[in-house]
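Asks: Here you go, sequence then predicted model.
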Amino acid sequence: MTDTITATLNASSKGSRMKVRKAVLPAAGLGTRFLPATKAQPKEMLTVVDKPQIQYVAEECVASGIEHIIIVTGKGKNSIEDHFDSAPALERFLEEKGRHDQAELVRKISNMLQVSYTRQKEPLGLGHAVLVARDLVGDEPFAVLLGDVLIPGKNPATKQLIDVYESIGVGAIAVEQVPKDKTHLYGIVDAVPAPQPPFGERLLRIRDLVEKPKPANAPSNLAITGRYVLPSAIFDCLERTKPGAGNEIQLTDALRILAKEQGLFAYIYEGISYDAGDKLGFLKATVEIALQNPEFGAAFREYLKTLKL
Ligand code: G1P
């Protein structure tokens with residue numbers, strides 16, 4: 001480890017770090033992988049079982065102690081704002097009909113956390129989308145959650161990363177193993193074990209990262225899963241990041257700079273992620289999350305067993 005990074009780690013372990021209160025949810029993409037469904041509706045509003053995808057991600061934020069989410073939107077995304085807004089007429093209607101549970105369900109969505117919106121005017125990449133949120137984040141650490149990766153469960157991946165950040169004072173990103181022939185679909189990390197209590201073997205120190213390498217060029221099969229907890233220094237790194245893979249400003253490329261200048265950890269998080277970012281992944285996520293549903297999961301399982309496959 002370089003002296004600069006060691007100094008940063010030492011300085012940050014002396015208690016100067018701040019609580020992670022905010023999260024950025026990039027939601028400006030055109031959703032072309034989901035056409036025709038996304039012709040006139042945002043992909044973030046596609047429903048998995050009974051909730052739009054972005055609500056799963058917002059709920060992960062709440063369960064992780066995040067108080068304020070910043071959604072980076074673009075054209076045609078107004079239904080996201082409507083979804084998190086209050087709906088007095090609907091609530092009144094439900095209350096008058098005696099459907100108090102449903103009224104409460106609707107109310108909870110608008111009350112669960114503070115939501116701010118900003119726009120990415122041009123599709124210049126994930127890194128650029130995060131940079132657009134700079135003023136709203138300010139000078140404090142924050143989480144980034146990609147909306148097409150769903151990680152339901154009682155121990156949120158974002159909370160696990162926050163625990164690493166708040167304990168060590170250095171950014172952390174969630175990783176998981178992927179098949180070697182799938183590395184071109186992800187950011188891949190080059191990382192070495194850096195075990196320490198209470199994180200143990202799950203904690204790795206990142207030496208480098210590559211966005212979507214061909215299997216032959218991949219430094220490992222540990223893929224970035226779409227959950228990040230980062231210091232505000234990432235914004236300066238993003239300012240210095242040139243367009244990379246796909247001619248877009250990649251968050252992964254800014255993370256390379258951050259890893260070199262301040263250090264960065266990878267964390268093999270506990271849990272299962274569903275990549276609902278394409279049609280097949282979306283179907284798998286829908287089936288698996290439906291099977292876990294306390295109300296109708298068992299009945300759905302029985303139904304699936306009757307299918308002649
Ligand atoms: C993005 C990131 C990539 C990460 C992936 C996780 O890619 O750029 O590093 O591994 O999300 O889903 P995207 O899937 O948006 O192309």
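Replies: On my side now, so go ahead. Numbers count the residues shown, from 1 in each chain.

Asks: residues in contact with Ile69?
Replies: Contact analysis of Ile69 by C-beta atoms under 8 Å, 6 or more residues apart in numbering lists Lys22, Ala23, Val24, Leu25, Ala58, Cys61, Leu113, Gln114, Val115, Ser116. Any C-beta I mention is one placed from the backbone N, CA and C, and that applies to glycine too.

Asks: element containing Tyr56?
Replies: Following DSSP states H and E, the helix or strand that holds Tyr56 is helix 53-63.

Asks: For this structure, give me the ranges with low pLDDT.
Replies: Applying pLDDT under 70 to the chain flags the ranges 1-16.

Asks: what is the residue nearest the centre of it paired to in the beta sheet?
Replies: In the chain, the C-alpha closest to the average C-alpha coordinate belongs to Leu145, at a distance of 1.8 Å (C-alpha atoms, centre = their mean). Under the criterion DSSP bridges, Leu145 forms beta bridges with Arg227.

Asks: Next: Ala191.
Replies: Ile206.

Asks: how many other residues sit next to it?
Replies: 24 (other C-beta atoms under 10 Å).

Asks: Correct me if wrong: it contacts Leu204.
Replies: Yes. With contact defined as C-beta atoms under 8 Å, Ala191 and Leu204 form a contacting pair (3.7 Å).

Asks: got any residues that touch both of those two?
Replies: Shared contacts of Ala191 and Leu204, defined by C-beta under 8 Å, 6+ apart, comprise Val175, Leu222, Ala266.

Asks: And the last one, how far from Thr225?
Replies: Between Ala266 and Thr225 the distance, using C-beta to C-beta, to the nearest Å, works out to 10 Å.

Asks: So the two - more neighbours on which side?
Replies: Applying other C-beta under 10 Å to Ala266 and Thr225 shows that Ala266 carries more neighbours, namely 29 against 24.

Asks: if we can go back for a sec, list the residues that contact both of Ala266 and Thr225?
Replies: Taking C-beta under 8 Å, 6+ apart as the criterion, Ala266 and Thr225 both touch Ile173, Ala174, Val175.

Asks: follow-up on the earlier one: with the shared contacts of Ala191 and Leu204 in mind, which one is nearest to the ligand?
Replies: Val175 (8.8 Å; C-beta to the nearest ligand atom).

Asks: Quickly find the element holding the closest one.
Replies: Judged by DSSP H and E, Val175 forms part of strand 172-177.

Asks: contacts for that strand?
Replies: Against strand 172-177 from outside (C-beta under 8 Å, 6+ apart): 157, 160-161, 164-165, 189, 191, 204, 206, 221-229, 255, 264-269, 273.
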